[in-house]
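**Student:** the sequence and its predicted three-dimensional model are supplied below.
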Amino acid sequence: MTPILQELTVQFGIRKTDKILEIGCGEGRDALWLLEQGYDVLATDVSKEAISYCKKKNSKFSHLFFQLDVCEERLRSEERRVGKEC
């Protein structure tokens, strides 16, 4: 976890009940910290290898890591779509 992540959750009043979409999670460090703190996170990355790494490293939360190219695909949530704006 980076100190700035903790600062941002306070600065922007992000609650554990808020939905967080991380685009470009890489090795999942920040997503994992948020998940361990009880935040509702969906972590994505364009790299299949990065997502595979995250799922193996964080098996408890593996269902919350997805490969996504935001310029080519769309993720659907209950109320909104996140995607093609590129």
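**Tutor:** All right, it came through fine. Keep in mind that what you see is a predicted model, and the values were worked out from it rather than measured. Numbering: from 1, shown residues only.

**Student:** would you state the strands of the protein in chain order?
**Tutor:** 19-23, 40-45, 65-67, 75-76, 81-82 (DSSP state E).

**Student:** show me the one of those that comes nearest Pro3.
**Tutor:** strand 19-23 (17.2 Å; CB to CB). For glycine as for every other residue, the C-beta is placed from the backbone atoms N, C-alpha and C.

**Student:** just checking: what are the partner strands of that closest one?
**Tutor:** Strand pairing for strand 19-23, determined by DSSP bridges: strand 40-45 (parallel).

**Student:** which positions within the partner strand qualify as buried?
**Tutor:** Residues 41-45 are the ones in strand 40-45 that count as buried (16 or more other CB atoms under 10 Å).

**Student:** quick one: which of these is nearest Val10?
**Tutor:** Nearest to Val10 among these, with distances taken as CB to CB, is Val41, at 16.7 Å.

**Student:** and for stretch 57-69, what's in contact with it?
**Tutor:** 23, 25, 27-28, 31-32, 35, 41-48, 51, 54-56, 75 (CB atoms under 8 Å, 6 or more residues apart in numbering).
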